[in-house]
Every structure is written in C-alpha cells, then in structure tokens.
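Q: Have a look at this prediction, sequence included:
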Amino acid sequence: MDMALPPRIRKLEESVVNRIAAGEVIQRPASALKELLENSLDAGATVVSVIVKDGGLKLIQITDNGHGIRYEDLPILCERHTTSKITAFEDLQRVSTLGFRGEALASMTFVAHLTVTTMTEGQTHGYRASYKDGAMEGDPRPCAAVKGTQIMVENLFYNVTARRKSFKNPSDEYARVVDVISKYSIQNPKVGFSCKKFGDARADVQTPGNTSALEAIRAVYGPGTSRELIEIKTSKNDSSDSFEMNGYISSANYSAKRTTMILFINDRLVDCAPLKRAIEVVYAAVLPKASKPYIYMSIRLPSEHVDVNVHPTKKEVSFLNQESLIEAIQTAVEQELLQSNKSRTFYAQTSLEAAFLPQGQPRSQAENKSSQKAPVNKLVRTDSQSPAGRMHAFLASGAELKNDLTAMRRIVRQRRHSNDTSGSSSGSSAVERMLAAVDTETHSGLLEIIRHSTFIGMADDVLALIQHKTRLYLMNCLTLSKELMYQQALVRLRRLNALRLSNPAPVYDLIVMALDEEEQCGNYHATDGSKDGIAQVYCNQILKRAEFLRECFSIDIDDNGNVCTLPLIVEQHTPDMDRLPLFALHLSKSVDCDVEDECFEAVARALSEFYALHPPLLPRPSTNPPAVCAESNETEMDEDVGLEAESKWSQRDWTIQHVLFPAMKLLLKPPVRMATDGTALQVRGFAGIPRRFNFLILRKTIPRSLPLRLLLSLTKWKLNQGDLNKLKFNPFIYI
Ligand code: ADP
Ligand code: MG
C-alpha cells in the first residue's frame, strides 16, 4: 500500500545546498562587507572605499589598492575552498591572515551577483569577471583599471526570498555596515577608510589613514569620545598562557547608555560576551553612576590558541585560557579606572526622596524602587572635628583606593597616633569596658585566619569564600561586617569623620516610613497607637540626645530634626541609603535610656546594623552570560531598575572584596561565638581532584544554627571559573 511506503529520500539540488550554506556565512549585508574588508586588508590595501545602496541589499561595492588578483586565478576565485592563504591543514595552525577558508567569495556568488575588477602590479590593464553559483560566467574581460581590486555584490539574497524579506529596513542594515567599517578603521589606523551611500557626496565614515588608533577613534566616534579615553595595556607571557592586549577605555567622565565594545582578536572583529560583561561589572562597581563604557581592545594570542572556525561567520571565537585572560583584563581595567578616578567625590545613590513624599501617600515597595530613579543625593565627605583636615582626609582616601592595605594601615596609624596624643580619653569608662570585652572575647584562631586569608569570591549573596593556607572557609559577610562596624564605631568614638547628606533627611518622616514598613511586615498594629504620635515621641527622643549623637558618633541632627551627617565608620564605605528609615527607628529606640553610658552600645549596634553589607533590597539581576563567546544580539535589558540593581550589586561585591576584607584583616577582632554560629565555616578541600569537580566537601560538623537555605545555596556553586582559578587546589562540595 502506498500509505505504508516511506517517503522517498532525495538528494537536494546542489545549488540549493550551496545557497543554504552560503546563508550561514553571509547572514546580512554587513557580514558580506566584513569578509570583503578582511580580504582587502589581507591584500595589503592602504585605501579602502565602500559604496552602499539600499543598506547593501542592492549593492555593496568595495574598492582597494591592494595587490590585486592574478589573471590565472580568476576562473577559480569563487569556487568553494579556494584560497591563496592555506595549502595544507597544518597551515591552519599558523595562518595569520584574516580569512582563510576560501569560503566567503564563493558563498556570495550563491546568493548575489558578484563582479570583480582587478589589476596587479606592473600590468597595463585589468580584468573584469562575473560570477554565479561558484563559477565564473564567461571569460575575464580586459578593462581599464588601477592596481587593486574592486568587488561589487549586487542584489544580495535575490534568490532567497524569505531572507530578503526579513530585512525590512535598509537604514538598519546601513547602520550595521557603517558600524563594521568604523570598527575596522580603528583597528587599522594606517589604512584610510571611507563609506558612503550610493549617490551621496558626503562619506559617513572617513578616516585619514596613516594615523593612530586614538586619532581614528576621534575621526569616527568624535572628539567627545576620544577625549575621555584612557590607554590600556596588559600582557601575560607564560609558556602555556600568553597574550597581549592594548586599547582604550572610557574614563569616569564618559557617559553613555549602551556599551560600545570594539574587540579584535588577532585582527579579527569578534564578540566575546563574557569579556564584555566582565568589564561592565568593573565599571558598575568602580564608577559612581552606572554609565556604560566605551571599550576598544586589540588582543593578540598565539594563533594556535584561537579557534575561529567554531562559527561560520567567524564572529564567535573561543580560545584557550579564556577565563584567565578575562580576569587579567578585568584587573587591568580596574586599576586604570581607579587610577584615573583618584579625585572622585564620595557618592552614594540614595532613595531619600522617598522621605519627602507627602504624608499619607502610600509607599509601596514598587514606589520605593521607582523613587530611586529620582536624582541621586550625594554624600560629601567632611571632617566634623577638624575643618583643616578635611581636604586631607578627602584626598587621601581617593589616592589610596588603589591599595586597600596601605589605606588600612594608614587608618591604623592614624588611630594609634591620635590615641597617643589625646590619651585614651575617647569616651566613658563604659566604652572602655566594652572595648576590653571585645579584646577578651576575641577568638585567636579565627583572628589568625582572617588576618592571613586570601579573598576568593562570593559563594552566594552573603557567604564569601576565603583561603587560609591550604584551607577554605566560608565567611558570612553580613555578620562579619556588622561586627566590624560595631567595633569600629566604638574604637573611633568622638573621632569619626562625617559624611554630609546633600539633602538633610527629616527624622520624623524617616520614622513614619519605617513604621509603614514595619506595618507591612506585620510588626506594627493600629492598636500600638497612631503612627504620627509614635513618630513624634521617637523623634523627640532623638532630638533630646542630639548633642550626644553629634559629639560621639558624628550624627548631626539640626534643630529642625533633619539628619545632616552620618559617620564614616570604615574608609570608602557608605551605608545603603535604602536602610536609612529603619536606622532612624533603631536609633530612636537606642537612645531611650536614662544613663548616657548605656546608649553607647545601643547606638553602635544600630549603626552596625545600618552599615553592615546587607544584600541590596533590589534582587540581583541574573548573571548568566553565555558560556562561550556568543554573538551579543544587543537586546540588553536597558531598564533603569535593572541598571540600578546591577550597579548596587556590583558596588557591594566590590566593596566586600576591596573594602570589607582588607579592613577586617587589619581591624576586626572576631568574637568567640563566630566560630560556632555559622559565621565562619571550614570547607574541606582535597588536592588532586580533577578541576571539573567544582564541589566542596563541608566539614561534617556543620553547626546546627546554619540555616538550611544557606546549605542548599551552597550546592549551587556560584563562583566563576576565574575565581576558582585562584584556588591553589581543587575544591569539592559534599552535603
Ligand atoms: P579567504 O579570504 O578565506 O582566502 P575568500 O573567499 O574571502 O577566501 O577569498 C578567496 C581568495 O580571493 C583569497 O584567498 C584571495 O587570494 C583572493 N582575494 C579576495 N579578495 C581579494 C582582494 N580584495 N585583493 C586581492 N585578493 C583577493
Ligand atoms: Mg576572505
């Protein structure tokens, strides 16, 4: 029966097969142009001009002054796998030209009409030949020409209706063409490029040639961009892992909504999403405002380390030691930014605007979030005690951002010094007793571990992984930072520098906001009394202690009940302003003691709760860049909330590594309880386990107090490969 018979398998017509294959290499006009540009550069051209009609769909014409094509080679020029660049497979290993698979021109002839005019050195005339479906049509015709090659690609995708229809907007395609030429002109500043629309007199891209990369950037991206760029260079030269990178990155003054990333690896324009993200993270962490960077980088790797053939368009690359390269570049970018950013003002993005909402207006979670889009308040650092020392304190902190350890040592010296001069008259005997208690309660083993540890990375939102000798430990950043802030608030009592809020925040409103939040959490009931009444009582309590707060803790509350300054407890760290209302509430409760002595501890606790490195209130944006370099299709979630969240999280991650840990190494006296309450956990590591087992074995004696959630989150290993590479042995998780 007919029904039972399977359908016949037919071989597809070859031209159809070729057309499908061609469509993979030549995806759109810009990808055709990229291939043509690479060929011209391979031919040693110093001038390349491009004319485009209908975004390249009607015509792409490229003219170069390269070495041209031999007459004898014209008949096979457009056959698949014809190339002058390799002859044997081994050559693939060392080929250094841009294209080498002999596929580009052939592909174009299957989806467009191709005409080549060329003349080599020393000839009196050139030749013109047309190609279709991989073959030359007729013989080459002699014609007048100059040395070099001109290639015309007409009616791209004329025989692939679906593809052709997908290009609805020729001006989009033209923009992509311009983008490709712009980028190549930066990488090849010695070559003069031009690109214009057919019939236009004015070129849309024009570089002078014989110039520098920076000049080319100026010509193409404008002086506004080139002015704000910093040169960057780094390299590595291990036998198995070597590379060289140089380029330009934007400084703190540059601002843009989108990242411009121009990346060349061995002279090939490529995308590398993980690298792009890694750099964006550094920018978000180091620069106060979440401006997206401009990056131009040219990376050279031993060509045997690059595999360009993973993707038909060669746009996607994968290479050996990708993680370590990304990390090295990340470090270089960070250093340059910190250096260029020496004089930056201390900023903190705040949502204090919420404090000024009219009374009675509902403040939902969503509104709190959106209010963060409002103009940022700035915290300007001043010294409450000695106005003369103000400038000094300000500058010192910026200049020493680069070396956290030096900065911390300086703080310690300063502290000792001022202890010497002013004696130990820091406060009352109550504070001295508290500090003595801190000393006697210090866990010496934990102290030694923290002092001599290396920060590896964050294992989840609160746990950091550190290494001490050959051991690994998980450290709870929240409880550790809380303790550090508490101890430092007391140690530096009466000598705390002040952070000035650009907009003073009314205590009363802050407390009302906090009560609203408490209500949402079910901690406040109408029967407790009216919010206004409670807020008034609390507010008065704080005002009564205003002088005490100002003198001891540098919390300045003016006569109108506005918070004007907050203390700087640990250098380079400002608290998360989203938590200010809650702090006001805690503060009002902590000053509610008859004896001033008893207030010290309570205020220090309230401060430590506020200054601790809590996970930001906005959820962490998903951080799952594609594992290998992938074509970034520029569909970035450019929503403000996403940006805000990303910036908050990366700022916090950065602070934990560069501020919290260095400060803890020098200043923290970890109390005994931390050894058993889950703050510090030892993790078992074994040498010699293959790298692919990225697990940890937790010590069997997991404290009972460790929440199950944390245990579970540990199984989802979140450290990236770069962090893992820092480990001297391979970790193993077992739960
Ligand atoms: P590939 O670049 O991978 O070798 P192509 O299909 O892009 O393959 O080009 C095939 C060959 O045509 C090249 O190897 C080169 O010899 C020659 N060719 C192409 N474009 C030019 C040009 N603009 N100038 C000189 N030779 C060219
Ligand atoms: Mg080529």
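A: Happy to help now that I have it. Small disclaimer: the values here were computed from a predicted structure and weren't measured. Ligands and ions are numbered 1, 2, ... in the order given.

Q: Near the residue of the stretch 451-600 of the chain found nearest ligand 1, how many residues? Count them for me, please.
A: Per Cβ to the nearest ligand atom, Gly457 is where the stretch 451-600 of the chain lies closest to ligand 1, at 41.5 Å. To be clear about C-beta, it is placed using only N, CA and C from the backbone, and glycine gets the same treatment. Using other Cβ atoms under 10 Å as the criterion, Gly457 is surrounded by 18 other residues.

Q: swap in Leu269?
A: Leu269 has 20 nearby residues by other Cβ under 10 Å.

Q: Test my guess that it contacts Met297.
A: No: in this structure Leu269 lies outside contact range of Met297 using Cβ atoms under 8 Å: 11.3 Å.

Q: Overlap in contacts, the two.
A: By Cβ atoms under 8 Å, 6 or more residues apart in numbering, Leu269 and Met297 have these common neighbours: Ile262, Leu263.

Q: Okay, buried residues for the helix or strand where Lys233 lies please.
A: When secondary structure is defined by DSSP states H and E, Lys233 falls within strand 229-237. Buried residues in strand 229-237, counted by 16 or more other Cβ atoms under 10 Å: Leu229, Ile230, Ile232, Thr234.

Q: got these as TSV, with distance to Leu337 columns?
A: What follows is those, written out as TSV (distance: Cβ to Cβ, whole Å):
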residue	distance to Leu337
Leu229	12
Ile230	8
Ile232	10
Thr234	13
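
Q: Which pair of these spans the longest distance?
A: Largest separation among the buried residues of strand 229-237 by Cβ to Cβ: Leu229 and Thr234, giving 16.0 Å.

Q: circling back: ok, now how distant is the residue of the stretch 451-600 of the chain closest to ligand 1 from ligand 2?
A: 42 Å (Cβ to the ion, to the nearest Å).

Q: Centre of the chain to the host helix or strand of that residue, how far?
A: Per DSSP H and E, Gly457 falls inside strand 454-458. What separates the centre of strand 454-458 from the centre of its chain is 18 Å, taken as Cα atoms, centre = their mean, to the nearest Å.

Q: who does that strand pair up with?
A: Under the criterion DSSP bridges, strand 454-458 sits next to strand 463-468 (antiparallel) in its sheet.

Q: residues of stretch 511-519 that come out buried?
A: Of the residues in stretch 511-519, those scored as buried under the neighbour-count criterion (16+ other Cβ under 10 Å) are Ile511, Val512, Met513, Ala514, Leu515, Asp516, Glu517, Glu518.

Q: quick one on the thing from earlier: wait, the residue of the stretch 451-600 of the chain closest to ligand 1 touches Ala464, no?
A: Yes: counting by Cβ under 8 Å, a contact exists between Gly457 and Ala464, whose distance comes to 7.2 Å.

Q: Let me see the domain layout of the chain.
A: If you go by the TED database, the domain ranges for the chain are 14-207, 228-340.

Q: Quick one, which of the ones you listed gets closest to ligand 1.
A: For the domains of the chain, distance to ligand 1 was read as Cβ to the nearest ligand atom. The smallest value, 3.1 Å, belongs to domain 14-207.

Q: same question for the closest one, mean pLDDT?
A: Throughout domain 14-207, pLDDT has a mean value of 88.

Q: do the same with stretch 596-609
A: Stretch 596-609 shows an average pLDDT of 90 in the prediction.

Q: Do a quick rundown of the strands in the stretch 451-600 of the chain.
A: Assignment of strands within the stretch 451-600 of the chain using DSSP state E, counting those that start in this stretch yields the ranges 454-458, 463-468, 471-476, 497-506, 556-557, 562-568.

Q: Turn the ones you listed into CSV, columns for distance to Arg550.
A: What follows is these, written out as CSV (distance: least, Cβ to Cβ, whole Å):
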stretch, distance to Arg550
strand 454-458, 36
strand 463-468, 35
strand 471-476, 33
strand 497-506, 9
strand 556-557, 5
strand 562-568, 8
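
Q: Could you export the ones you listed as CSV, including mean pLDDT?
A: Putting the strands of the stretch 451-600 of the chain into CSV (pLDDT from 0 to 100) gives the following:
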stretch, mean pLDDT
strand 454-458, 81
strand 463-468, 82
strand 471-476, 82
strand 497-506, 86
strand 556-557, 94
strand 562-568, 92
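
Q: who wins for proximity to Arg141 among these?
A: Counting by Cβ to Cβ, Arg141 lies closest to strand 454-458 out of the strands of the stretch 451-600 of the chain; the figure is 65.0 Å.

Q: Put the alpha carbons of that closest one into CSV.
A: Taking C-alpha atoms only, strand 454-458 is exported to CSV below (Å, rounded to 0.1, in the frame of the first residue of the first chain):
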residue,chain,number,x,y,z
THR,A,454,43.0,35.5,50.6
PHE,A,455,39.7,36.5,49.3
ILE,A,456,38.5,34.1,46.6
GLY,A,457,35.0,35.2,45.7
MET,A,458,31.3,35.2,46.7
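
Q: quick one: that strand to strand 471-476, angle?
A: For strand 454-458 and strand 471-476, the angle between their directions (axes from the mean of the first three to the mean of the last three Cα atoms, to 10 degrees) works out to 50 degrees.

Q: Please point out which parts of strand 454-458 sit buried.
A: Within strand 454-458, the residues scored as buried using 16+ other Cβ under 10 Å are Phe455, Ile456, Gly457, Met458.

Q: do stretch 60-75 as well
A: Burial within stretch 60-75, assessed by neighbour count using 16+ other Cβ under 10 Å, is assigned to Ile60, Gln61, Ile62, Thr63, Asp64, Asn65, Gly66, His67, Gly68, Ile69, Tyr71, Leu74.

Q: ditto for stretch 538-550
A: By neighbour count with 16+ other Cβ under 10 Å, stretch 538-550 contains the buried residues Tyr538, Cys539, Gln541, Ile542, Leu543, Arg545, Ala546, Leu549, Arg550.

Q: Which among the domains of the chain is found nearest to ligand 2?
A: Comparison of those against ligand 2 by Cβ to the ion identifies domain 14-207 as nearest, at 2.6 Å.

Q: Pretty sure Leu337 sits against Val281.
A: No: with contact defined as Cβ under 8 Å, Leu337 and Val281 do not form a contacting pair (11.7 Å).

Q: Please identify which of the two sits among more neighbours.
A: Using other Cβ under 10 Å, the more surrounded residue of Leu337 and Val281 is Leu337, with 24 against 20.

Q: Cys143 and Thr117, how far apart?
A: Going from Cys143 to Thr117 by Cβ to Cβ, to the nearest Å gives 6 Å.

Q: intersection of neighbour lists for these two?
A: Here Cys143 and Thr117 have Gly126, Tyr127, Arg128 as joint contacts, going by Cβ under 8 Å, 6+ apart.

Q: residues contacting Val178?
A: Applying Cβ under 8 Å, 6+ apart, the residues near Val178 are Cys195, Asp204, Val205.

Q: any idea which of the residues you listed has the most stuff around it?
A: Cys195 (23 neighbours).

Q: In the stretch 201-350 of the chain, mark out all the helices, start to finish.
A: For the stretch 201-350 of the chain, the helices defined by DSSP state H, counting those that start in this stretch occupy 213-221, 223-226, 273-286, 322-340.

Q: circling back to that earlier point, please list which of the buried residues of stretch 538-550 also come close to ligand 2.
A: Counting by Cβ under 5 Å from the ion, the subset of those that neighbours ligand 2 is empty.

Q: Could you dump the residues you listed into a markdown table with pLDDT added?
A: A markdown table is the format used below for the buried residues of stretch 538-550 (pLDDT from 0 to 100):
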| residue | pLDDT |
| --- | --- |
| Tyr538 | 90 |
| Cys539 | 91 |
| Gln541 | 90 |
| Ile542 | 92 |
| Leu543 | 91 |
| Arg545 | 91 |
| Ala546 | 92 |
| Leu549 | 93 |
| Arg550 | 93 |
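
Q: Take the buried residues of stretch 511-519 and write them to JSON lines, including distance to Tyr248.
A: Shown next, in JSON lines, are those (distance: Cβ to Cβ, whole Å):
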{"residue": "Ile511", "distance to Tyr248": "50"}
{"residue": "Val512", "distance to Tyr248": "50"}
{"residue": "Met513", "distance to Tyr248": "45"}
{"residue": "Ala514", "distance to Tyr248": "47"}
{"residue": "Leu515", "distance to Tyr248": "52"}
{"residue": "Asp516", "distance to Tyr248": "48"}
{"residue": "Glu517", "distance to Tyr248": "46"}
{"residue": "Glu518", "distance to Tyr248": "51"}
